[in-house]
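Enquirer: heads up, no residue letters with this:
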């Protein structure tokens, strides 16, 4: 069943068309699975937020959290590699990828329900005062084994960190994925890289800290600049054209 679910995700993303005039494209997605009873979910109430919800709050009798990573293409990411503001293409990709993942979750839930299993995406809430979500997609992906965190606060997967994360909770029991055995962030590993810090042109990110409010103000500015594409609270400078953007820097695995 793990292979079947992964193929459902790959097939949906591969066949998805955002709409006429769209430049958004994605590489082949990754999928991983976490036990809904994994004690690391409880840790998120301390690591992320006291209000962080649990898989059982999403689906009664939950057994598995299916997490996936949608990697952007290098061509799309390169549009965002220069300038102080994010590119129009990047802002549009933010909006269109959100829409695609919402459609993907509906598709997955329908397929799982057809097979007799409950399934739903978390109805997460973003606290605009604390700037914290009560369902952190990146931390859920971390628990599922998709990657390790870089100092840019992004999760570095086998296909890098340049993309978006989503998840769905189900009563279907799937085998949990194995978490990475080693650190993928080169700075955390041996101090050899700080490209994401250099790319943060407004100074919200340093080696030692992350100014959440400054980062969010930059994202809000970009949403106003590119309001014609939809509501895009996005920046992406810290995950574009860095060694971990499109691959695990050590594994050097990267698809076009």
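Expert: Here it is on my side, so go on. Please read all numbers here as calculations on a predicted model, not as lab measurements. Residues are numbered from 1 along each chain as shown.

Enquirer: isn't there a helix covering residue 167?
Expert: No - Residue 167 is assigned strand when assessed by DSSP: H, G, I helix; E, B strand; the rest coil, not a helix.

Enquirer: can you report how many residues neighbour the residue lying closest to residue 188 once chain neighbours are set aside?
Expert: In this structure, residue 188 finds its nearest non-sequential neighbour in residue 151, 6.5 Å apart by Cβ to Cβ, 6 or more residues apart in numbering. Using the backbone N, CA and C atoms, a C-beta is placed for each residue, glycine as well. Residue 151 has 20 neighbours, counted by other Cβ atoms under 10 Å.

Enquirer: which element, helix or strand, includes residue 151?
Expert: Applying DSSP states H and E as the criterion places residue 151 outside every helix and strand.

Enquirer: residue boundaries of the strands in the stretch 1-150 of the chain?
Expert: Applying DSSP state E, counting those that start in this stretch to the stretch 1-150 of the chain gives strands spanning 30-35, 64-71, 119-120, 126-127, 132-133, 148-149.

Enquirer: the second one: how far from the chain's middle?
Expert: When you say that, I think you mean strand 64-71. Computed by Cα atoms, centre = their mean, to the nearest Å, the chain-centroid distance of strand 64-71 equals 8 Å.

Enquirer: repeat that for the fifth one.
Expert: Strand 132-133 has its average C-alpha position 14 Å from the chain's average C-alpha position, going by Cα atoms, centre = their mean.

Enquirer: which residue is nearest the middle of this structure?
Expert: Note on the chain: the residue nearest the mean C-alpha position is residue 165, at 2.4 Å, using Cα atoms, centre = their mean.

Enquirer: so what pLDDT did that residue get?
Expert: If you check residue 165, the pLDDT there is 97.

Enquirer: the residue lying farthest from the centre of the chain and residue 171, how far apart?
Expert: No residue in the chain sits farther from the centre than residue 116, which is 27.9 Å out by Cα atoms, centre = their mean. Note on residue 116: its distance to residue 171, by Cβ to Cβ, to the nearest Å, is 9 Å.

Enquirer: do residue 154 as well
Expert: Using Cβ to Cβ, one gets 30 Å for the distance from residue 154 to residue 171.

Enquirer: and the two? which has more neighbours close in?
Expert: Between residue 154 and residue 171, counted using other Cβ under 10 Å, residue 154 has the larger neighbour count: 23 against 18.

Enquirer: could I get the contacting residues of that one?
Expert: Neighbour list for residue 154: 138, 161, 196, 238-239, 244 [criterion: Cβ atoms under 8 Å, 6 or more residues apart in numbering].

Enquirer: same question for stretch 183-199: list its buried residues.
Expert: Residues of stretch 183-199 classed as buried: 184-187, 193-197, 199 (neighbour count, 16 or more other Cβ atoms under 10 Å).

Enquirer: now that stretch: average pLDDT?
Expert: The model assigns stretch 183-199 a mean pLDDT of 94.
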